[in-house]
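Asks: could you work out the structure for the sequence below:
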Amino acid sequence: MPDQFDLFDNQPDPPRIVAISLQRTGHLYNFLSAGLALKRGDRVVVESDSGIRIGTVEIEPHEPALTLDLTQIKPVIRLAEERDWRAEEDALSREAYAERLCAERIRERGLPMKLVTVDYSLEGRKAVFYFSADNRIDFRELVRDLAQTLRVRVEMKQIGHRDETKVIGAIGPCGRELCCSSWLRDFDSVTVKMARDQGLALNPSRLAGMCGRLKCCLRYEYATYLELKRALPNTGKRVESVKGNGKVLRQNILKQSVLIQLEDDGGVVEASLADLVDTRRNQREEPGPQAQ
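Replies: Presented below is the predicted three-dimensional model:
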């Protein structure tokens, strides 16, 4: 009698996806692993919207989410080979020439835009020019000029100041490589309120990153600060403590303490959470009248 599981022996393996970063903006893109035994750090050849590219595996093959439309995801072509490295070197030399040419054409036309970088596809048929500008730019003549001179398909992509810094890279004031150019893939919203809620001085030069925008790291510990802050009485609130009663002048979120201006002599003391008298708790703990 055949084994009851023989029916499943010849079933194809379920599709698996792999997250790959393409240089420049560094965003992650999903590709089908195509049965390849890929691991993090592998260099692979893929077909992206900007042509054939070499990318780096950032997240190893895994089962896709049920909501993911696999028909819209392309497979990894192959692991990068010697011919691909040669093609990449050739693309890099073309990029250097195209960057000089484009910068010269921008100056000649007086266009209010800043060229950030150029990205050639591996087969050399397409070049993507990344630039930053404060407003929309009419670059149609520039595109025609570049396409005619370079004899490739030219695409211009306007990127924001954060993406510009991500592409260029730098060392932050913390002494480490910028988060955006090393590991941060997406930019979440960062607000001045986040700095204020963490008790930071609202000094623009200290809060701004290399891109001129608020530092992304202001967001990293924000949720923790909010959670710790909920345990402290608000500034201006009257509190009772073992060190005296008074009004809260300032919170020290990390120390979980507050500065209190005393009612009796106007002095200022620091009181921890343990020093504060929770009147609501005391009321709950007071024994009720004894039964007769």
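
Asks: how about low-confidence regions in this protein?
Replies: Residue ranges of the chain with pLDDT under 70: 1-13, 23-26, 279-292.

Asks: okay, now the domains of it?
Replies: The chain breaks down into these domains under automatic domain parsing: 17-80, 86-159, 164-219, 231-284.

Asks: would a markdown table of these with distance to Tyr225 and mean neighbour count be doable?
Replies: Where C-beta positions appear, they are placed from N, C-alpha and C, glycine not excepted. As requested, those are exported to a markdown table (distance: least, CB to CB, whole Å; neighbours: other CB atoms under 10 Å):
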| stretch | distance to Tyr225 | mean neighbour count |
| --- | --- | --- |
| domain 17-80 | 28 | 16 |
| domain 86-159 | 31 | 16 |
| domain 164-219 | 5 | 14 |
| domain 231-284 | 6 | 14 |
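
Asks: mind listing the strands for the stretch 151-292 of the chain?
Replies: Secondary structure of the stretch 151-292 of the chain (DSSP state E, counting those that start in this stretch): strands at 153-158, 238-239, 246-252, 257-262, 268-272.

Asks: which non-adjacent residue is nearest Ser121?
Replies: Closest residue to Ser121 apart from its sequence neighbours, by CB to CB, 6 or more residues apart in numbering: Gly51 at 2.6 Å.

Asks: circling back: and the strands of the stretch 151-292 of the chain: which comes nearest Lys215?
Replies: Comparison of these against Lys215 by CB to CB identifies strand 246-252 as nearest, at 22.0 Å.

Asks: gap between that closest one and the chain center?
Replies: Distance of strand 246-252 from the chain centroid (CA atoms, centre = their mean, to the nearest Å) equals 35 Å.

Asks: summarise which helices and strands the helix or strand where Thr117 lies is packed against.
Replies: Using DSSP states H and E, Thr117 sits in strand 114-120. The contact analysis (3 or more CB pairs under 8 Å, 6 or more residues apart in numbering; DSSP states H and E) places strand 114-120 against helix 82-109, strand 126-132, helix 161-168.

Asks: can you spell out which helices and strands pack onto the last one?
Replies: Contact partners of helix 161-168 among helices and strands, from 3+ CB pairs under 8 Å, 6+ apart: strand 114-120, strand 126-132, helix 179-182.

Asks: go on, the longest one?
Replies: Contacts of helix 82-109 with other secondary structure elements, assessed using 3+ CB pairs under 8 Å, 6+ apart, are made with strand 114-120, strand 126-132, helix 140-150.

Asks: format the helices and strands packed on helix 161-168 as JSON lines; extra columns: distance to Leu79.
Replies: Shown next, in JSON lines, are the helices and strands packed on helix 161-168 (distance: least, CB to CB, whole Å):
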{"stretch": "strand 114-120", "distance to Leu79": "21"}
{"stretch": "strand 126-132", "distance to Leu79": "23"}
{"stretch": "helix 179-182", "distance to Leu79": "24"}
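
Asks: still on that earlier bit, of the strands of the stretch 151-292 of the chain, give the one that comes closest to Tyr220.
Replies: strand 246-252 (19.7 Å).

Asks: give the pairing partners of the closest one; include direction for each.
Replies: Applying DSSP bridges, strand 246-252 is found paired with strand 238-239 (antiparallel), strand 257-262 (antiparallel).

Asks: next, the angle strand 268-272 makes with it.
Replies: Counting by axes from the mean of the first three to the mean of the last three CA atoms, to 10 degrees, strand 246-252 lies at 60 degrees to strand 268-272.

Asks: who touches strand 246-252?
Replies: 199, 229, 232-239, 257-263, 268, 270 (CB atoms under 8 Å, 6 or more residues apart in numbering).

Asks: which residues sit in contact with Ile77?
Replies: Ala34, Val44, Val45, Val46, Glu47, Ile52.

Asks: tell me which two in these are the farthest apart.
Replies: Maximum distance among these (CB to CB): 15.0 Å, for Ala34 and Ile52.
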